[in-house]
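> What shape does this take:
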Amino acid sequence: MLLSNYSGYTLEAGIDEAGRGCLAGPVVAAAVILPVDYRHPLLNDSKQLNKKQREQLREVILQDAVCWAVGEASPTEIDEVNILNATYLAMHRAVAGLQQHPEYLLIDGNRFKTNLTTPYACIVKGDGKYLAIAAASVLAKTHRDDYMCSLTGECEKYGWAQNAGYPTKQHREAIEKYGASAYHRQSFTLLFKQLPLFI
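Sure, this is the predicted structure:
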């Protein structure tokens with residue numbers, strides 16, 4: 001059973017991201033504040049859910065949340081500042097988009113960098129421990145997947161409806177065949193032949 005609160009504050013925002021390991025597309029973060037003592041039997045880390053469950057839970061979260069917001073950092077920004085700093089940027093944009101100012105930030109992962117005065121905690125594998133982080137993981141994942149599928153033409157060529165921009169064999173082979181698109185992260189290793197050899 002996932003926990004409903006960590007800090008004791010009422011307006012505790014769970015924050016998670018999707019797309020850090022992708023070769024293409026933005027990194028997306030979501031911030032979600034759930035009602036005090038919120039419960040939902042199916043809400044869990046988005047990686048533990050299938051697509052249908054994520055879609056169903058997204059509608060529940062959008063309806064039940066006190067407030068929520070999504071933030072992005074573009075492939076260009078990722079190339080300019082690196083993926084870690086771009087992830088922080090997307091998280092800050094998500095927090096800034098919340099309709100209510102959070103009293104506490106609960107962040108999935110082991111690090112965070114911010115100039116905000118809002119207190120926060122980093123929770124390793126927090127999307128499997130706290131409901132607000134799990135809700136954020138669902139919103140970030142579904143938002144990003146929908147965006148990648150909306151890129152008509154590129155989506156079909158690179159198989160983004162199946163791989164969402166992650167470095168699958170199919171995706172790398174398509175890059176080899178068609179070249180990189182405007183949505184690819186040029187600072188990432190895109191082709192098999194660029195990968196380091198391990199002996």
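> Which neighbouring elements make contact with the helix of greatest length in the chain?
Ranked by residue count, the top helix of the chain under DSSP state H comes out as helix 131-150. Counting contacts by 3 or more C-beta pairs under 8 Å, 6 or more residues apart in numbering; DSSP states H and E, helix 131-150 is packed against strand 12-18, strand 27-33, helix 51-64, strand 67-73, strand 104-108, helix 160-163. For every residue, glycine as well, the C-beta is placed using N, CA and C.
> Make a markdown table from those and add mean pLDDT to it.
Conversion of the helices and strands packed on helix 131-150 to a markdown table gives the following (pLDDT from 0 to 100):
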| stretch | mean pLDDT |
| --- | --- |
| strand 12-18 | 98 |
| strand 27-33 | 98 |
| helix 51-64 | 95 |
| strand 67-73 | 98 |
| strand 104-108 | 98 |
| helix 160-163 | 94 |
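> Highest mean neighbour count out of these?
Of all these, strand 27-33 has the most neighbours on average by mean count of other C-beta atoms under 10 Å, namely a mean of 31.
> surely Gln99 meets Ala65?
No: with contact defined as C-beta atoms under 8 Å, Gln99 does not reach Ala65; the gap is 10.0 Å.
> Looking at these two, which is more packed in?
Ala65 (22 against 9; other C-beta atoms under 10 Å).
> Look up how far Pro26 lies from the more buried one.
Using C-beta to C-beta, to the nearest Å, we find Ala65 at a distance of 22 Å from Pro26.
> tell me the domain boundaries of this protein?
12-150, 154-194 (automatic domain parsing).
> Show the end-to-end separation of the first one, please.
End-to-end distance for domain 12-150: 32 Å, by C-alpha to C-alpha, to the nearest Å.
> So which other helices or strands are in contact with the helix or strand of the chain with the lowest mean pLDDT?
Between all helices and strands in the chain, the lowest mean by mean pLDDT, DSSP states H and E belongs to helix 154-158, at a mean of 90. Identification of packing neighbours for helix 154-158 by 3+ C-beta pairs under 8 Å, 6+ apart yields helix 169-178.
> Okay, now the unreliable bits of this structure?
For the chain, the stretches with pLDDT under 70 are 192, 194-199.
> now with 90?
In the predicted model, the chain carries pLDDT under 90 at residues 1, 37, 41-49, 51, 152-155, 191-199.
> on that earlier part again, what residues of the longest helix of the chain count as buried?
131-145, 147-148 (16 or more other C-beta atoms under 10 Å).
> what do you get for stretch 80-98?
83, 86-95, 98.
> who's in contact with that stretch?
Residues from elsewhere that reach stretch 80-98 (C-beta atoms under 8 Å, 6 or more residues apart in numbering): 13, 15, 17, 20, 26-31, 33, 67-73, 77-78, 102, 105, 107, 112-114, 116, 118, 136, 185, 187.
> got it, and stretch 159-178?
Under the criterion C-beta under 8 Å, 6+ apart, residues 19, 21-25, 144-145, 148-149, 151, 154-155, 157-158, 183-184, 190-192 lie in contact with stretch 159-178.
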